[in-house]
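Visitor: structure for the following, please:
(one chain, ligands or ions: 2)
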Amino acid sequence: MMRLPEFRYRAPRTIADAAKWLAEDPANAMLIAGGTDLLPNMKRRQHTPSTVIGLRGIGELTAITDNSSLTIGAGVTLASLAGDPRVRSRYAGLQQAAAQVATPHLRNMATLGGNLCLDTRCTYYDQTFEWRKAINFCMKKDGDTCWVATSSDKCLAVSSTDTAPVLVAFGATLTLVSAQGTRQIAASELFANDGMHYLTRRPDEILTSIALPAGEGWRSAYWKLRRRGSFDFPVAAAAIVARFDGNRVIEARVALGAVASQPLVAEKAMSLLNGQALTDEVIEAAAEAAGAIAKPMDNTDYELVWRKRMVRTLVANGLKDVRGDDMRHARLRLSRGLVS
Ligand SMILES: Cc1cc2nc3c(=O)[nH]c(=O)nc-3n(C[C@H](O)[C@H](O)[C@H](O)COP(=O)(O)OP(=O)(O)OC[C@H]3O[C@@H](n4cnc5c(N)ncnc54)[C@H](O)[C@@H]3O)c2cc1C
Ligand code: SF4
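Guide: Ligands and ions are numbered 1, 2, ... in the order given. A predicted model of the protein is given here:
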């Protein structure tokens, strides 16, 4: 059995207290929300904070406010999010992403804030301490070499959060609070394409809320590739958000997940969609353009060439979804791994 390392636990009741305590020693303290990512990582000694600051006692973080747009507290669980009728009707892609994270048990504990701040993943990193020690560790923790690309001076671990691509595509705004004040950034600005330094959040900052723009008039979808349809992290994913006039696209946004160390915005695919009728030909061209920017590495499940090819399928399926096609059969096939 893997045991947690020793740490001091602090349980603030307000965001202000949490920010004050975090500011005391940000380099050696970590926040914990649901703990579904942090605790396994601590058991594997990927993280060894001397202080852990629990966010679960802070009521302010669990509110969802609705003023035509939704502002979601970072402490809202993924189960609550996936079950919220406002999210389901106005932000379907976010509902689909939240509902596909891990398992029901984990979604009951897991929070939206924790999902956005999820550690990047890699076959050589998500292993026990002894396993990692046997390969002399790797650059991301305790070692010098990247075993995925030995000449790389940068860690290439994979951004594996399901909700981030959707929030990037929706253009959500995040609020970060520290003892020094509050700042707001676009969801896309939270992430950096570096497996070690994958967040631009400062160590003394707490992600407190996620504000979505008004969802009326937008259609959205999230498509995820994973081995087991009821359990696994994404190994490729596509989030689509679009507004239509009849079947003509007024504006579309496409973001890819799990094919880099951050969610990727597929700019060329978006420009091919905007102003066009969403025909099969337009979908194919946009899916091809989106697939071209995906650069998966050989450090997670499935063979990388197939993962890259599947990005096209995920984007095409997402576009057909927002077009209004009946995609239930395609979703079922994907969840059972029956796609080539
Ligand atoms: C078996 C298994 C399967 C999983 N499958 C998936 C999957 O399919 N898709 C997926 O996306 N994830 C998956 N996960 C990972 C995890 O369960 C989710 O990402 C979850 O949403 C993390 O949220 P949490 O509240 O538990 O985060 P925690 O574990 O509490 O925290 C995660 C990280 O975020 C930081 N953090 C938490 N809250 C804040 C905040 N408010 N401000 C700043 N930093 C914060 C923590 O310090 C930590 O670094 C899986 C985990 C397991 C164990
Ligand atoms: S990509 Fe390289 S440095 Fe990063 S976790 Fe994997 S092996 Fe380590």
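
Visitor: would you point out which residue of the stretch 101-250 of the chain is nearest ligand 1?
Guide: Closest contact between the stretch 101-250 of the chain and ligand 1, by CB to the nearest ligand atom, is at G114 (2.1 Å). Every C-beta, even on glycine, is put in place using the N, C-alpha and C of the backbone.

Visitor: sec struct for that residue, please.
Guide: With DSSP: H, G, I helix; E, B strand; the rest coil as the basis, G114 sits in helix.

Visitor: what residues does the stretch 151-300 of the chain put near ligand 1?
Guide: When proximity is defined as CB under 6 Å from any ligand atom, the stretch 151-300 of the chain approaches ligand 1 at 160-162, 206-207, 232-233.

Visitor: make CSV out of the residues you listed and add secondary structure.
Guide: What follows is those, written out as CSV (three-state DSSP):
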residue, secondary structure
S160, coil
T161, coil
D162, coil
I206, strand
L207, strand
D232, coil
F233, coil
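
Visitor: gap between the two ends of stretch 141-148?
Guide: Stretch 141-148 has an end-to-end distance of 14 Å (CA to CA, to the nearest Å).

Visitor: in it, what's buried?
Guide: The neighbour-count check on stretch 141-148 (16 or more other CB atoms under 10 Å) flags 141, 143, 146-148 as buried.

Visitor: what does it contact?
Guide: Identification of contacts with stretch 141-148 by CB atoms under 8 Å, 6 or more residues apart in numbering yields 45-46, 122-125, 132, 135-140, 152, 154-156, 297-299.

Visitor: mind running it again at 6 Å?
Guide: Here stretch 141-148 makes contact (CB atoms under 6 Å, 6 or more residues apart in numbering) with 46, 124, 136-139, 152, 155-156, 297, 299.

Visitor: residues from the stretch 201-340 of the chain in reach of ligand 2?
Guide: When proximity is defined as CB under 6 Å from any ligand atom, the stretch 201-340 of the chain approaches ligand 2 at N299.

Visitor: would you pull up the residue in the stretch 201-340 of the chain closest to ligand 2?
Guide: N299 (5.2 Å).

Visitor: thinking again about what came up before, would a markdown table of the residues of the stretch 151-300 of the chain next to ligand 1 with neighbour count be doable?
Guide: Output for these, formatted as a markdown table (neighbours: other CB atoms under 10 Å):
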| residue | neighbour count |
| --- | --- |
| S160 | 25 |
| T161 | 30 |
| D162 | 26 |
| I206 | 25 |
| L207 | 26 |
| D232 | 17 |
| F233 | 21 |
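
Visitor: residues contacting stretch 329-336, please?
Guide: So stretch 329-336 is contacted by 229, 317, 339 (CB under 6 Å, 6+ apart).

Visitor: OK, contacts around the last one?
Guide: Read that as V339. R333.

Visitor: sec struct for the residue of the stretch 201-340 of the chain closest to ligand 2, please.
Guide: coil.

Visitor: that one: what's it in contact with?
Guide: Per CB under 6 Å, 6+ apart, neighbours of N299: 122-123, 148.
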